[in-house]
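K.L.:
okay, here's the prediction I keep looking at, along with the sequence it came from:
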Amino acid sequence: MALTYTPEGRPTQILRDLLLSYWDSRSNNEIPLPVILEVPLPSFQRVDVRNQGDTILVSLEGLEEELIHIGFKNRQITASMQMQFNVFTSRQRFYDMVQEARRIIFSKQHSPTDYLLTDFEGYANTAALLGDWTAGANVTITLNGSVSQFGAKSLRAVASGGSAATRELYRALPASTILIPRPYPDRLRHITFYVKINSGSDVIGVTLRDASNRTGLYRTWDLTVDSTSFSRKVIDLSATPSSSAGTWNSSLIDEIAFTNLANGTTLDIDHIDLATTEFDFIEYQGYSEDTATFNYFSGTMTADFRNVGEPVDVLI
């Protein structure tokens, strides 16, 4: 039996994606998103950022692994990470960037390997929402500013009439690039989101599929929505899908969908995360400022990724 290839997660990529995903520029863009790169890049040994403005360079300072025996054999992994801040704008911008990185690390310390697909806060109105999301023929979607799990906005989907195949909503997964090889779909392990129903219950599908072959290449995991307040749902993609078609090829999967909504159902959806499982924790270690600089501001922050429960494979 041939093993399925799953790329090993690079700690520098994971931390870089974490910062990119959760960076909050504030209401008036007081802390604009800087250039954030892992060093060295996956395909290059050097990168010239002299004309790129404010930057954060993420590097791996060490990786240790040991075998532990607690009931079962597991690998304990620690990856020591460094973030180098180089800021040309102002000392205030420098301190603000350091604090924002620190905020992200502390807030994501127990879920460090997820990528925020959307929290719906960035959409100004329903028209903007529809620039990313598409509704099936018998679903109406709107930007809902009256209820949310986090922030002030969520997506509302109302299903009415038609067949189950037309009662769906979907959007593209952001495209990968050579500088931003997102940790999906080949390393994606969980999809988490918050959802509520107006009344009753419904069994909906969460689907990953090929946008050019929606009925020919897909996997769907069903779940029950029965709470009138927001509840967290976790789709474990290692579990057997409820339905599927085609020979799975993760490189072709470029769309996520919520499918098979029941006629008359109203759902509110918020905060959709795509998650990998390389590490369990990220632990803040410290920060130091470099004062021996002439025309810019510089400092270094350190943090450790930790995984204390990676099972040891056994040949059978």
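P.N.:
That came through, no problem.
K.L.:
and stretch 260-268, how far apart are its ends?
P.N.:
End-to-end distance for stretch 260-268, by CA to CA, to the nearest Å: 15 Å.
K.L.:
make that stretch 85-94, sorry
P.N.:
Note: stretch 85-94 ends 8 Å apart using CA to CA.
K.L.:
hey, where'd the strands end up in the stretch 201-316 of the chain?
P.N.:
Taking DSSP state E, counting those that start in this stretch, the strands of the stretch 201-316 of the chain run over residues 202-209, 218-225, 231-236, 243-245, 255-259, 266-275, 281-290, 297-311.
K.L.:
those: which one's closest to Thr89?
P.N.:
Nearest of the strands of the stretch 201-316 of the chain to Thr89, taken as CB to CB: strand 297-311 at 8.5 Å. Where C-beta positions appear, they are placed from N, C-alpha and C, glycine not excepted.
K.L.:
could you give the angle of that closest one to strand 281-290?
P.N.:
For strand 297-311 against strand 281-290, the angle by axes from the mean of the first three to the mean of the last three CA atoms, to 10 degrees is 160 degrees.
K.L.:
show me what the residue most central in space within the chain is bridged to.
P.N.:
For the chain, Tyr115 is the residue whose C-alpha lies nearest the centre (CA atoms, centre = their mean; 1.1 Å). On DSSP bridges, the residues paired with Tyr115 through beta bridges are Leu274.
K.L.:
now it: how far from Ile191?
P.N.:
10 Å (CB to CB, to the nearest Å).
K.L.:
which neighbours do those two share?
P.N.:
Residues touching both Tyr115 and Ile191 (CB atoms under 8 Å, 6 or more residues apart in numbering): 273-275.
K.L.:
for stretch 197-209, which outside residues touch it?
P.N.:
Outside of stretch 197-209, the residues within contact range by CB under 8 Å, 6+ apart are 168, 170, 185, 188, 191, 217-228, 233, 235, 237, 242-243, 253, 255-262, 265-267.
K.L.:
same question for that stretch, mean pLDDT?
P.N.:
Throughout stretch 197-209, pLDDT has a mean value of 95.
K.L.:
how far out from the middle of the chain is it?
P.N.:
Taking CA atoms, centre = their mean, to the nearest Å, one finds stretch 197-209 lying 21 Å from the centre of the chain it belongs to.
K.L.:
could you do stretch 279-298 as well?
P.N.:
For stretch 279-298 - counting by CA atoms, centre = their mean - the centre lies 24 Å from the chain centre.
K.L.:
what do you get for stretch 262-270?
P.N.:
Centroid separation between stretch 262-270 and its chain, computed with CA atoms, centre = their mean, is 23 Å.
K.L.:
again, but for stretch 20-28
P.N.:
Distance of stretch 20-28 from the chain centroid (CA atoms, centre = their mean) equals 15 Å.
K.L.:
and for stretch 131-144?
P.N.:
22 Å.
K.L.:
in that stretch, what's buried?
P.N.:
Across stretch 131-144, burial judged by 16 or more other CB atoms under 10 Å covers 133-136, 138-139, 141, 143-144.
K.L.:
check stretch 97-115 too.
P.N.:
97-98, 100-101, 104-105, 108, 111-115.
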